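A.B. asks: Okay, structure incoming, though there's no sequence with it:
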């Protein structure tokens, strides 16, 4: 009840009015360029260059047909170009596989560290903290060498394996979430004869399913948008983000409406996804300090 | 008594086996892709690549690296990385906290602002970069009748790149800071309000100290990533064709050189850079963290 009273909208102070003005300016700076790009994607290149803010003289839907036809990226091992549906399939495989595996890795490790009191649990927690605060610079050449040595370079499975890490912020988020679940639930299940696996999967994980879904979505979006990993680690499996990089930097380097059209094709599915799941995505995920 | 002890040991053993099974994959992944990779990176710093093999090269890579630092643009890259970190941290942190506080207090349109602040995080950097690039090159040039776009003008290029990073970088911070603020006990805020504290004072003397551990986390993680931050340069300029070397950051330099190297010959020198920069950045980050913890705000 007290919480409700506190969180009610309050009268705006000068501090809040200034904040509102800055935030509103920020909102315009984010939304207006996107709307501008969406409109400009229907213009000719000359119109965009010389009359960037004028309304299109004619709405050229054919621009999108051209974009679809030219939305390709090279497949390194086969000396051919992958078209948009192959790029989408690769993106889906890469983003979904990496997102699920990374989320599971973080969640399961965090569960063990949060719920058991073995010495290695403390060690694992320290490892996460240390790896977060001790920067490792320039390990990319070594990563590529190790990937080649293991025979996983330029494979989808190899990329999934590289993304199955538990170190990072999401471990801390899951750790905090599991620590908040009262022990009594697990104790009761143990008394009823449940084993460790049942307690984990049927008692504890349901408590953090909100966090699980949020982390999964955040991971999926990150990997969907990632063009550098496919570029470096799996050049034979170009994704839609890498396709956009190729379109913008090679195929349509000087054609601005085509670039904008390609951007819209990549952005719109994510904006829809965001619209559908914004409550989950922007839900309460918290982390504390690096102790 | 013995039966209870046996039961306890059996349970402990079962727990141990369960933990080992659950952790097997994540720990193996960590060993291979963190420990082995970084150990191999250290070894590579003392090797050279010749006739398809890596062979011991003593300290030659370090000599080569210092020659490059003395005569090349590496110092510019280091300087740029530091500038980017401080600009992003000081301005980005301040704005993120103010924005999060606005959202936490449920002021008008706070839900809309929250969605918009997070929007750049869900879009590919290629999308945001392409739109922003054309906006400042064509749009801003047209509005203000400039001779060059902001990215074509050497005087405004670096500032524009930093501004873009700042503009796009609020998402996760807002999520975490507003999450931490929502966890603040309402009674502390109520008590302060009864003492006549205004909104500005509440922000400085109640909210900031209470979410300080989260702020430290972001500052420390940000500093740890100082030399890996690419400033989106790859999305803006690809391999750096139209970008002068004086605008490179360390993160971009290392990625660009790995990506453009045709053979493995350049890897050992880049591993040497990595090792040296890690040795510089690690104590800096640890000291910074200690400082933040020691001189942080108190709740008194």
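C.D. replies: Structure received. What you are looking at is a predicted structure, and each value in this text was computed from that prediction instead of being measured. Numbers count the residues shown, from 1 in each chain, chains lettered A, B, ... in the order given.
A.B. asks: burial of the residue nearest to residue B:193 when sequence neighbours are not counted, as a residue count?
C.D. replies: Nearest residue to residue B:193, sequence neighbours excluded (Cβ to Cβ, 6 or more residues apart in numbering or on different chains): residue B:202, at 7.5 Å. (C-beta placed from N, C-alpha, C; glycine too.) For residue B:202, the neighbour count with other Cβ atoms under 10 Å in any protein chain shown is 19.
A.B. asks: How about the one 4 residues further on?
C.D. replies: When neighbours are counted by other Cβ under 10 Å, residue B:206 registers 19.
A.B. asks: How about residue B:144?
C.D. replies: So residue B:144, with other Cβ under 10 Å, has 8 neighbours.
A.B. asks: now stretch A:245-256: how far from the chain's centre is it?
C.D. replies: Centroid separation between stretch A:245-256 and its chain, computed with Cα atoms, centre = their mean, to the nearest Å, is 24 Å.
A.B. asks: Show the contacting residues for the residue nearest to residue B:193.
C.D. replies: For residue B:202, the contacting residues are B:189, B:192, B:193, by Cβ atoms under 8 Å, 6 or more residues apart in numbering or on different chains.
A.B. asks: By neighbours, which of those residues wins?
C.D. replies: Using other Cβ under 10 Å as the neighbour test, those are led by residue B:189, with 19 neighbours.
A.B. asks: Measure how buried the closest residue to residue B:110 other than its chain neighbours is and give me the count.
C.D. replies: Here the nearest residue to residue B:110 in space, its sequence neighbours aside, is residue B:103; by Cβ to Cβ, 6+ apart that works out to 4.5 Å. Residue B:103 has 24 neighbours, counted by other Cβ under 10 Å.
A.B. asks: Secondary structure element for the residue nearest to residue B:193, which one?
C.D. replies: Assessed by DSSP states H and E, residue B:202 sits inside helix B:199-202.
A.B. asks: check whether whatever helix or strand comes next after that helix contacts chain A.
C.D. replies: Sequence order places helix B:208-210 as the next helix or strand after helix B:199-202, per DSSP H and E. No - residues of helix B:208-210 are not located near chain A by Cβ under 8 Å from any Cβ of the partner chain, the shortest gap being 11.3 Å.
A.B. asks: that older thread, show me which residues of the helix holding residue B:202 are buried.
C.D. replies: B:199, B:202 (16 or more other Cβ atoms under 10 Å in any protein chain shown).
A.B. asks: And stretch B:152-172, by the same measure?
C.D. replies: So, applying 16+ other Cβ under 10 Å, buried residues of stretch B:152-172: B:156-158, B:160-171.
A.B. asks: any weak-confidence spans in the stretch 151-300 of chain B?
C.D. replies: B:298-300 (pLDDT under 70).
A.B. asks: again, 80 this time
C.D. replies: B:240-242, B:262, B:296-300 (pLDDT under 80).
A.B. asks: For it, which residue gets nearest to chain A?
C.D. replies: Closest residue of the stretch 151-300 of chain B to chain A, Cβ to the nearest Cβ: residue B:274 (2.2 Å).
A.B. asks: excluding its backbone neighbours, what's nearest that residue?
C.D. replies: Excluding the flanking residues, the one nearest residue B:274 by Cβ to Cβ, 6+ apart is residue A:138, at 2.2 Å.
A.B. asks: quick check, the one you found in a helix?
C.D. replies: No - assigned with DSSP: H, G, I helix; E, B strand; the rest coil, residue A:138 falls outside any helix and is coil.
A.B. asks: For chain B, which segments count as strands?
C.D. replies: Ranges of strands within chain B are B:47-50, B:53-56, based on DSSP state E.
A.B. asks: Show me what counts as buried in the first one.
C.D. replies: Yep, that's strand B:47-50 we're talking about. Result for strand B:47-50 [16+ other Cβ under 10 Å]: buried residues B:47, B:48, B:49.
A.B. asks: That one and chain A in contact?
C.D. replies: No - judged by Cβ under 8 Å from any Cβ, strand B:47-50 makes no contact with chain A; its nearest approach is 9.8 Å.
A.B. asks: Let me see the residues that make contact with that strand.
C.D. replies: B:54, B:55, B:56, B:57, B:60, B:61, B:263, B:264, B:265, B:267, B:268.
A.B. asks: Are any of those buried, and if so which?
C.D. replies: Among these, those classed as buried by neighbour count (16+ other Cβ under 10 Å) are B:54, B:57, B:61, B:264, B:267, B:268.
A.B. asks: The residues you listed also near chain A: which ones?
C.D. replies: When contact is defined as Cβ under 8 Å from any Cβ, these meet chain A at B:264, B:267, B:268.
A.B. asks: So which of the residues you listed are in helices?
C.D. replies: B:267, B:268 (DSSP state H).
A.B. asks: how about TSV for the ones next to chain A among the buried ones among the contacts of strand B:47-50, with distance to residue A:69 added?
C.D. replies: Formatted as TSV, those follow (distance: Cβ to Cβ, whole Å):
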residue	distance to residue A:69
B:264	37
B:267	38
B:268	43
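A.B. asks: Which residue ranges of the stretch 1-150 of chain A form helices?
C.D. replies: Per DSSP state H, counting those that start in this stretch, the stretch 1-150 of chain A carries helices over the ranges A:2-6, A:14-40, A:45-50, A:62-70, A:84-115, A:119-133, A:140-150.
A.B. asks: centroid residue for chain A?
C.D. replies: Taking Cα atoms, centre = their mean, the centroid of chain A lies closest to residue A:222, which sits 2.0 Å from it.
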